[in-house]
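Peer 1: Everything below, folded, please.
(one chain, ligands or ions: 1)
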Amino acid sequence: MNYCKSKNILIESYAPLTKGQKLKKKNNALNEMVKHYKDKTIAQLLLRWNVQRGNIVLAKSKNNDRISQNFDTLNWKINAADLEILNGFDANYHCTWNPTTQKVRANDW
Ligand SMILES: NC(=O)c1ccc[n+]([C@@H]2O[C@H](COP(=O)([O-])OP(=O)(O)OC[C@H]3O[C@@H](n4cnc5c(N)ncnc54)[C@H](OP(=O)(O)O)[C@@H]3O)[C@@H](O)[C@H]2O)c1
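Peer 2: Numbers count the residues shown, from 1 in each chain. Purely as a prediction, here's the structure:
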């Protein structure tokens, strides 16, 4: 990320809601953290975290209420302490292929 920033390259968050997979957990730290934010959901917390990091966010939903909810990530802020915690949540979790280990063959390009 630092390299991209230094070159003015914008990063897009890929599957910012983990394709919905991590939203189903009931007793993890996100469930506790979201209580700090009135009327917000874990999905909004994840999207807002991306926005505050300066990432481009394209979340997908086929549900009207969730689409509205996902847009409600612009006019509020995650506090600095929670942001720090979220930044430390990297679990090396890949819900699709891993771009850092995927072999790319020249002929594919
Ligand atoms: N990941 C890829 O392979 C890939 C490839 C090419 C392009 N993209 C682009 O990336 C975008 C997003 O990727 P993605 O669909 O893979 O993953 P994603 O946005 O991380 O997750 C979408 C999933 O989250 C659920 N969801 C959305 N908003 C929610 C909310 N507020 N609360 C609870 N669940 C919610 C959706 O279910 P519902 O629809 O039922 O709400 C869907 O199951 C797409 O629009 C696509 O253009 C992705």
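
Peer 1: Residue numbers of the protein in contact with the ligand?
Peer 2: Neighbours of the ligand within the chain, by CB under 6 Å from any ligand atom: 14-20, 23, 41, 43, 58-63, 66, 69-70, 96. Every C-beta, even on glycine, is put in place using the N, C-alpha and C of the backbone.

Peer 1: any idea which residue sits dead centre in the protein?
Peer 2: In the chain, the centroid-proximal residue (CA atoms, centre = their mean) is Pro16; its distance is 3.9 Å.

Peer 1: Name all residues that make contact with that one.
Peer 2: Applying CB atoms under 8 Å, 6 or more residues apart in numbering to Pro16 gives the contacts 46-47, 50, 55, 57-59.

Peer 1: Ok, Ser68 next?
Peer 2: Applying CB under 8 Å, 6+ apart, no residues contact Ser68.

Peer 1: Checking it next. Helix, strand or coil?
Peer 2: The three-state assignment at Ser68 reads helix, by DSSP: H, G, I helix; E, B strand; the rest coil.

Peer 1: Out of the residues of the chain next to the ligand, list just those in strands.
Peer 2: Taking DSSP state E, every one of the residues of the chain next to the ligand sits outside strands.

Peer 1: Tell me the one of the contacts of Pro16 nearest Ala80?
Peer 2: Using CB to CB, Asn50 comes nearest to Ala80 of those, at 16.4 Å.

Peer 1: Pull the contacting residues for the closest one.
Peer 2: Each residue near Asn50 by CB under 8 Å, 6+ apart is listed here: 13, 16, 57.

Peer 1: Who's the closest spatial neighbour of the last one, skipping the chain neighbours?
Peer 2: Right, the one you point to is Val57. Distances taken as CB to CB, 6 or more residues apart in numbering place Asn50 nearest to Val57, at 4.6 Å, with adjacent residues excluded.
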